[in-house]
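**Q** starting from these lines, generate the structure:
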Amino acid sequence: MPPLSCSVSSEASSSSSHHVVLRRRRRRTTTCVIINNINLFISPVVFLLLLLFATVNSAAAGETSSTLSSPTTATIAAGTDGYKYIGCYNETTAGLSGTGGSGTRALYGGINEVLPGVMTVEKCLGFCKGGLEKKGYRFAGLEYSRECWCASQLFSLSSKVADAECNLSCDGDASQVCGGSLRISVYDLEGDVDSVAAGGQSKSSRLVRELVLVVGGAVLARLLW
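**A** Numbers count the residues shown, from 1 in each chain. Model prediction:
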């Protein structure tokens, strides 16, 4: 039931006859008005309890909201199917801002697939390993969370950048890194981190070729002399 607000007023009255005042009396009138949704008196203790309850509720709601909005931290997968992670590289496709307009992708001349919602590092490496008559493409790369690129060569104009620049998680596994915007997470089937050279030749291949040239030159010089 709504609380009542009551007020008391007094009204004076008099009776007279022949200029003689017989008596004076006061009549009390009590008026009560129903006041909706207003508590006229609140105990200080109740007020403090309500304030404390509101504060605790607000803090709990904030903590829950913070927990739900915290993003999952993605990490770099080491690699599977013989592939090893060698770094994050910039994309070199022409027509995209910040690429330098080379006209060639970082991983070119191979195959690719896009798997929205389900791409993982394992899926991409397995896809690249199954190419080239099941022998596997040498390089595999993931980009934009859902793209997988396979190639035999890593373009020489593609530069290695900080791993932090590959900052997008995989669509199919938020705990894994799948490249970034104009950044590609590259895996090498040979696992040679120094393999990035013109034409994608490995460090060991270059050394053998240089040794052959030196020996061949020495033999030829000896014969001519």
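
**Q** now residue 147: how far from residue 112?
**A** 7 Å (CB to CB, to the nearest Å). Backbone N, C-alpha and C define where each C-beta goes, glycine included.

**Q** the more surrounded of these two?
**A** Using other CB atoms under 10 Å as the criterion, residue 147 and residue 112 rank with residue 147 on top: 19 against 16.

**Q** how far does stretch 163-174 stretch from one end to the other?
**A** Stretch 163-174 stretches 17 Å from its first residue to its last (CA to CA, to the nearest Å).

**Q** would you mark the buried spots in it?
**A** For stretch 163-174, the neighbour count (16 or more other CB atoms under 10 Å) marks 166, 168, 169, 170, 171, 172, 173 as buried.

**Q** now for those: which two are most distant?
**A** 166 and 172 (16.4 Å; CB to CB).

**Q** domains in the protein, by residue range?
**A** 4-69, 84-206 (automatic domain parsing).

**Q** comparing these by mean pLDDT, which bottoms out?
**A** Note on these: lowest mean pLDDT is at domain 4-69, with a mean of 50.

**Q** thinking again about what came up before, tell me the one of the buried residues of stretch 163-174 nearest residue 188?
**A** residue 166 (15.1 Å).

**Q** mind checking how far residue 169 is from residue 163?
**A** Distance from residue 169 to residue 163, by CB to CB: 14 Å.

**Q** go on, residue 130?
**A** Noted for residue 130: a distance of 27 Å to residue 163, by CB to CB.

**Q** same check, this time on residue 113
**A** Distance, residue 113 to residue 163, by CB to CB: 24 Å.

**Q** please apply the same query to residue 141.
**A** Counting by CB to CB, the gap between residue 141 and residue 163 amounts to 14 Å.

**Q** rewinding a little: adding secondary structure, write the buried residues of stretch 163-174 out as CSV.
**A** Formatted as CSV, the buried residues of stretch 163-174 follow (DSSP: H, G, I helix; E, B strand; the rest coil):
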residue, secondary structure
166, coil
168, coil
169, strand
170, coil
171, coil
172, coil
173, coil
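
**Q** just the closest of those to residue 155, please.
**A** residue 166 (16.8 Å).

**Q** now that closest one: closest residue in space, sequence neighbours ignored.
**A** In this structure, residue 166 finds its nearest non-sequential neighbour in residue 88, 3.8 Å apart by CB to CB, 6 or more residues apart in numbering.

**Q** helices or strands next to the host helix or strand of that neighbour in the packing?
**A** Per DSSP states H and E, residue 88 falls inside strand 84-90. Applying 3 or more CB pairs under 8 Å, 6 or more residues apart in numbering; DSSP states H and E, one finds that strand 84-90 contacts strand 160-161, strand 183-188.

**Q** and the shortest one, which strands flank it?
**A** Translated: strand 160-161. Strand 160-161 has its sheet partners listed here by DSSP bridges as strand 84-90 (antiparallel).

**Q** show me what contacts the residue lying closest to residue 106 once chain neighbours are set aside?
**A** Excluding the flanking residues, the one nearest residue 106 by CB to CB, 6+ apart is residue 158, at 3.8 Å. Shown in contact with residue 158 (CB atoms under 8 Å, 6 or more residues apart in numbering): 89, 90, 91, 92, 106, 184, 196.
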